[in-house]
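Participant: Provide a 3D model corresponding to the input given below.
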Amino acid sequence: MTAVEKQYNHMVGKDPYAVPLEDYDVSQPDLFFTNTQFGFFDRLRKEDPVHYCKDSENGPYWSVTKFNDIMEVEGNPEVYSSEPTIALADPREDFQVSMFIAMDEPKHGDQRRTVQGVVAPTNLAKMEGLIRERVCGILDGLPVGETFNWVDRVSIELTTQMLATLFDFPFEERRKLTYWSDVATTLPGPDALVSSIEERQEILITECLPAFTKLWNERVNAPPSNDLISMLAHGESTRHMQPYEFLGNLMLLIIGGNDTTRNSLSGGVLFLNENPDQYDKLRSNPGLIPKMVPEIIRYQTPLTFMRRTATQDTILRGKKIKKGEKVVMWYISGNRDDEVIERPYEFDIDRERPRHHLSFGMGIHRCMGNRLAEMQLRITWEEILKRFHTVEVVGDPVRNYSPFVRGYAELPVRVHPL
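Facilitator: The predicted model follows:
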């Protein structure tokens, strides 16, 4: 570990009450890699729910950790801006990538509406049969009695097939979408997918952007169709995008269409194994699947936070936030707030209000593809229960090294047929 890594990983392996609150930096990736973040968020919610971190690898920032405070920030985009970025790190001057999730009105709404039709209820209804067919093909191809990585064989494969369809991307090259998504979200490091931010930029600019520019040029000269590239190419507010804006929106749609579903598909298997009483309840009543799906998404919280930037001096829960300061809404903490969610640390597939969670965000930036994500999870679990008595986790999960994408690189399982 380098001196810099040591400096910014001072909470890992510590008792949350052994670290002074003024030294808290809950953005440290090792906390999430080791799944030891919750004790620190519990303490923040109790003692300092709007907390100022004076120093982190990405500079100072405010942490908002309670459900209703997060709702207040989400609901006030005039004061808490999504520009210039939703990430903790500020954009680099040489790589100004913009995307509509990191835009304010009216531009955000104009661009979002351009592509929102791809997940309209009529389109979702048309997709259901295709998704079920693909889920069945994936599940029927699993090696019964052998140990395999559920993340790769099921979670990644299903979501990547869906992404290829949404973009009308060459199906045989679909794993490129997964790769580019991982390149964009993985923290650079010596053992990581990319060794530096420069390498990340190089891959996205020289591989991802040209591949999609070729598709754009084909679609812009053809009649409009229902895929995302065609929608962007023909949309009034997106047809004149500059290359980096096109790339930014592509990455938003790829990551948004990939990470929530992919990591919730893996998380659901893990949570049912950790809570065998819930697995028994599910087997005896598959009708609980529609309630279980949002509970999985709450319990997983695939994207742990979103950042806003204060447009003016303001006050939140008595704390004075200055213009220009970073404000981080920790969805992962809000989803464990026992003042709003009863028994938040229990995985309960029969909750009364399972959709009352923050995993999709709120307000104008609420996740566009939330119903598609839920549909993919619902269909997958319907088909799992038809084939397997248990998807058994047989080893520890390997988690993502990221404070932003809360997910899994590996989940070793064995499937046991009915």
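
Participant: okay, which residue is most central for this protein?
Facilitator: Centroid-nearest residue in the chain: L303, 3.5 Å away (criterion: CA atoms, centre = their mean).

Participant: okay but that residue is in contact with R406, surely?
Facilitator: Yes. Between L303 and R406 there is a contact under CB atoms under 8 Å: 7.2 Å. Placement of C-beta: from N, CA and C, glycine included.

Participant: circling back: please name the residues that touch the residue nearest to the centre of the chain.
Facilitator: Neighbouring residues of L303 by CB atoms under 8 Å, 6 or more residues apart in numbering: D259, T260, Y331, S359, F404, V405, R406.

Participant: at 7 Å what do you get?
Facilitator: When contacts are counted by CB atoms under 7 Å, 6 or more residues apart in numbering, L303 touches D259, Y331, F404, V405.

Participant: what bridges to it?
Facilitator: Taking DSSP bridges as the rule, L303 bridges to V405.

Participant: Looking at it now. What's its pLDDT?
Facilitator: In this model, L303 is scored at 95, pLDDT.

Participant: now do R343
Facilitator: Model confidence at R343, expressed as pLDDT, equals 98.

Participant: That one: helix or strand, and which one exactly?
Facilitator: When secondary structure is defined by DSSP states H and E, R343 falls outside every helix and strand.

Participant: Stretch 188-199 - what's its average pLDDT?
Facilitator: Mean pLDDT, computed over stretch 188-199, is 89.

Participant: in stretch 351-367, what counts as buried?
Facilitator: Buried residues in stretch 351-367, counted by 16 or more other CB atoms under 10 Å: R351, P354, H357, L358, S359, F360, G361, M362, H365, C367.

Participant: Just to be sure, the fifth one is in a strand?
Facilitator: Yep, that's S359 we're talking about. No. Assessed by DSSP: H, G, I helix; E, B strand; the rest coil, S359 does not belong to a strand; its assignment is coil.

Participant: was I right about it contacting Y331?
Facilitator: Yes. Proximity of S359 to Y331 meets the contact threshold set by CB atoms under 7 Å, at 6.0 Å.

Participant: Between these two, which contacts overlap?
Facilitator: Shared contacts of S359 and Y331, defined by CB under 7 Å, 6+ apart, are found at T301.

Participant: picking up where we left off before, highest neighbour count among the contacts of L303?
Facilitator: For those, the largest number of neighbours (other CB atoms under 10 Å) sits with Y331, at 27 neighbours.

Participant: where's the nearest residue to that one once chain neighbours are set aside relative to P294, distance?
Facilitator: Using CB to CB, 6 or more residues apart in numbering and skipping the chain neighbours, the partner closest in space to Y331 is L358 (4.3 Å). Summarising the geometry, the distance separating L358 from P294, computed by CB to CB, to the nearest Å, is 11 Å.

Participant: now swap in E245 and tell me
Facilitator: Taking CB to CB as the measure, E245 falls 33 Å from P294.

Participant: cool, and G59?
Facilitator: Taking CB to CB as the criterion, G59 is separated from P294 by 35 Å.

Participant: Between the two, tell me which one has more neighbours.
Facilitator: Here G59 and P294 are compared on neighbour count by other CB under 10 Å; more neighbours surround P294, at 24 against 13.

Participant: how far away is the more buried one from D350?
Facilitator: The value you get for P294 to D350, if CB to CB is used, is 12 Å.

Participant: try S264
Facilitator: 18 Å.

Participant: between these two, which one's more packed in?
Facilitator: S264 (29 against 13).

Participant: contacting residues around the more buried one?
Facilitator: Taking CB under 7 Å, 6+ apart as the contact definition, S264 lies against I296, I297, Q300, P302, L377.
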